[in-house]
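Visitor: quick one, fold the following:
(chains A and B)
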Amino acid sequence: MRVTPRLVVYGLFMLALAMVPTLAQVLAEPFLVTLFTRMIILAVAAVSLNLILGYGGMVSFGHAVYLGIGGYTVGILAEHGTTNGFVQWPLAIGISALYATVVGAICLRTRGVYFIMITLAFAQLVYFVGVGLYAYGGDDGLTIYTRSDFAGLIRMSHKPSFYYLCFAILCIEILIIHRIVHSRFGLVIRASKSNDRRANAIGIPTFRYRLAAFVIAGSFCGLAGAMLATQADYISPAVMHWTRSGDLIVSVVLGGMGSLFGPAVGTIVFLLLEEVLSSLTEYWQLVFGPMLLLLVLFAKRGIDGLLPGGDRG
Amino acid sequence: MLLLIEQSLNGLQFGLLLFLLAAGLTLVFGIMDLVNLAHGSLYMMGAYFAATFITWTDSFVLGAVLALGAAFLLGVAIELVAVRTLYARDHLDHVLATFGLLLFFNELVRLVWGPAGRTIQLPGILNTSVELLPGLSYPTYRLVVILVGGLVAFGLYWLVARTRTGMRIRAGASDREMVGALGIDIRKLYTLVFGLGAVLAALAGIMAAPITTVSIGMGERILIVAFVVIVIGGIGSIRGAFVAALMVGMIDTVGRAFLPEILRGFMSVPAANTLAPALASMLVYILMALILFLRPQGLFPARSG
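Guide: So this is what the prediction gives:
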């Protein structure tokens, strides 16, 4: 990675995120930690979506499903008395990966708009499964009375500690995605985005690579789901609503598709915008809707595209 | 048996409503290659317009006709202001931009009409029921919906397959540049098609309004089902949309009617009552997954042949 002005901006951004708990203490605004924990968790989800959306060109309109799968895994285990995080979180990742494998194998047979629609349909399917989970609250959701514990290694109920756990996960995720994208595997994913037929023609079976990327993205988002449920002590089908998947796409595009840090920045800007606009007017989406349209028309490369620094990545 | 007939009629009626919505979607997609998430907003706006105009004019029919006109103007306005700029973009841009439009319209409705839903009162003559078979009386209004839906479906078929405008629409779908080169104003055609789609969506919204209620977000719930319909039918195919809409309408309605009873056979009543609607909602998506697994282009692929 060459040091470009862009990288400096992102470095400062990550530094600022690292300072949030300290800053909150100085400003005596402890709610900032809660707010930013939520942002970081959703950033983990957006960064995972970017792997398939930004680098792989797979417009998944059902990515929020993994938030639900991860969250419900934690919630249901906790309901039955298993609160060990070393069991809960890996299982959340594992079930998400399993789901992504099955669904991905079906969805990736389709192209273009069919892919958008079928990922949306599967997400709706799981959403209604969540609504139908009668034993676990159905539509009303499930309260998690005992938080995950990691054998006492991390003070999960201590807000700054939990924040740093989430922040560390985000950093590790970005690092892993960086390694993936710049490996031979990542090269295939990007080749398949720019011309799948040609990639196939030179003898690369892109399907299995795309499926692997789909599963990796789903697994990370499942982890984000486990984190989200832990943070809120609550999980409900609402996190899987199709508009949540839309929000994730918005975060990725706002930050910059196919840029390493972009989606994390995008998520935080998106959620801050929501905070600010909704404090100004009750009808904040009246402003936000047209802003989306303008984003699409005039700033397709998102925040990343506005930063100085020549080539991407 | 009577219940099955009644529910099949309900399924037919829901299927026809779905078709009205899906026809606009599939036309817009087939011709302009545009994914329009805001189509459900037109459905919702149609219903809200009707609620207002019916109150003003004190006449159901007049109010509905005015609402259709308003929906057409709204559709044309949306096309001219926003959608027109999107044709050259990719599908992801369509999804994002029309997602923005959808948020905008939901909020606009909340601002103008308030967060509470509206109900539309039927005129006395429609608010009756007809005895179709001995022991089976069926609401007149639902029969009217079936009749209107069927007529519009036929009219649409006639328009697309038998008229000069329809010929241009079909030509535009298969090769837009060539149509332009032959001297047809393709931009005007697009605006017209979008307006037509808006009218069809609004008609569905108006007809659904007295059966359900007029509320914010009413368009989104049905929009996703309409997407399922056009994907099953093959995107861009009117015939496919028709067949798929009836299939989906039937499965959804009959599933909703009979699943609770079936489930009560082997689980507790409250559990069955919660699970059945969720399972019924899932049926449609399971159908879609199955069909796409077998035929990734849908039942009647419009573009490959």
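Visitor: what backbone torsions are found at the closest residue to residue A:134 other than its chain neighbours?
Guide: Take residue A:134 and drop its neighbours on the chain: the residue closest to it by Cβ to Cβ, 6 or more residues apart in numbering or on different chains is residue B:274, 4.0 Å away. Using the backbone N, CA and C atoms, a C-beta is placed for each residue, glycine as well. Main-chain dihedrals, residue B:274, degrees, to the nearest 10: phi -80, psi -40.
Visitor: repeat that for residue A:81.
Guide: According to degrees, to the nearest 10, residue A:81 has phi 90, psi 0.
Visitor: residue 95: what's it in contact with?
Guide: Just going to use chain A. By Cβ atoms under 8 Å, 6 or more residues apart in numbering or on different chains, the contact list for residue A:95 reads A:69, A:70, A:73, A:222.
Visitor: can you look at chain B instead?
Guide: Counted by Cβ under 8 Å, 6+ apart, residue B:95 has contacts A:59, A:61, A:116, A:246, A:249, B:35, B:37.
Visitor: out of those residues, who's nearest residue A:212?
Guide: Distances from residue A:212 to the contacts of residue B:95, taken as Cβ to Cβ, are shortest for residue A:59 (18.0 Å).
Visitor: that closest one: what secondary structure?
Guide: Using DSSP: H, G, I helix; E, B strand; the rest coil as the criterion, the local structure at residue A:59 reads coil.
Visitor: wait, it sits on residue B:94?
Guide: No: between residue A:59 and residue B:94 there is no contact under Cβ atoms under 8 Å: 10.1 Å.
Visitor: among the contacts of residue B:95, which are located in strands?
Guide: Among the contacts of residue B:95, no member falls in strands (criterion: DSSP state E).
Visitor: let me know the closest of those residues to residue A:49.
Guide: The closest of those, once distances to residue A:49 are taken by Cβ to Cβ, is residue A:249, at 7.1 Å.
Visitor: give me the number of residues near the closest one?
Guide: 23 (other Cβ atoms under 10 Å in any protein chain shown).
Visitor: list the contacts of it.
Guide: So residue A:249 contacts A:49, A:53, A:59, A:61, A:63, B:92, B:95, B:96, B:99 (Cβ under 8 Å, 6+ apart).
Visitor: so for the last one, what's the pLDDT?
Guide: Among the per-residue scores, residue B:99 shows a pLDDT of 92.
Visitor: show me which positions of the helix or strand containing it end up buried.
Guide: Residue B:99 is part of helix B:91-113, with elements assigned from DSSP states H and E. Within helix B:91-113, the residues scored as buried using 16 or more other Cβ atoms under 10 Å in any protein chain shown are B:91-110, B:113.
Visitor: so what's residue 202 up against?
Guide: Assuming you mean chain A. Taking Cβ under 8 Å, 6+ apart, one finds nothing in contact with residue A:202.
Visitor: if you could check chain B rather than the one you did, that'd help
Guide: Contact analysis of residue B:202 by Cβ under 8 Å, 6+ apart lists B:42, B:43, B:45, B:46, B:47, B:49, B:50, B:67, B:68, B:70, B:71, B:72.
Visitor: count of neighbours near the first one?
Guide: Okay, so that is residue B:42. There are 30 residues near residue B:42, going by other Cβ under 10 Å.
Visitor: angles on the backbone of residue A:281, please.
Guide: phi -140, psi 150.
Visitor: count of residues packed around the residue nearest to residue A:134?
Guide: Using other Cβ under 10 Å: residue B:274 sits among 21 other residues.
Visitor: I figured it hits residue A:137, correct?
Guide: No: taking contacts as Cβ under 8 Å, residue B:274 lies outside contact range of residue A:137: 10.0 Å.
Visitor: near chain B, which residues of the stretch 51-200 of chain A show up?
Guide: A:53, A:59, A:61, A:106, A:109-114, A:116-118, A:120-122, A:124-125, A:128-129, A:131-132, A:134-135, A:138 (Cβ under 8 Å from any Cβ of the partner chain).
Visitor: show the contacting residues for the residue of the stretch 51-200 of chain A found nearest chain B.
Guide: Using Cβ to the nearest Cβ, residue A:132 is the residue of the stretch 51-200 of chain A that sits closest to chain B, at 2.8 Å. Residue A:132 sits next to A:138, B:274, B:275, B:277, B:278, B:279, B:282 when contact means Cβ under 8 Å, 6+ apart.
Visitor: buried subset of those residues as a ChimeraX selection?
Guide: A single ChimeraX command selects the buried members of the contacts of residue A:132 (16+ other Cβ under 10 Å):
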select /A:138 /B:274,275,277,278,279,282
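Visitor: closest one to residue B:226 out of the contacts of residue A:132, please.
Guide: residue B:282 (17.0 Å).
Visitor: find the nearest non-adjacent residue to that closest one, please.
Guide: residue A:128 (4.8 Å).
Visitor: which SS class is that neighbour?
Guide: Residue A:128 is classified as helix under three-state DSSP.
Visitor: what's around it, how many residues?
Guide: 21.
Visitor: circling back to that earlier point, can the contacts of residue B:95 go into JSON lines with extra columns for pLDDT?
Guide: Formatted as JSON lines, the contacts of residue B:95 follow (pLDDT from 0 to 100):
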{"residue": "A:59", "pLDDT": "93"}
{"residue": "A:61", "pLDDT": "93"}
{"residue": "A:116", "pLDDT": "90"}
{"residue": "A:246", "pLDDT": "93"}
{"residue": "A:249", "pLDDT": "95"}
{"residue": "B:35", "pLDDT": "89"}
{"residue": "B:37", "pLDDT": "91"}
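Visitor: appreciated, that's everything.
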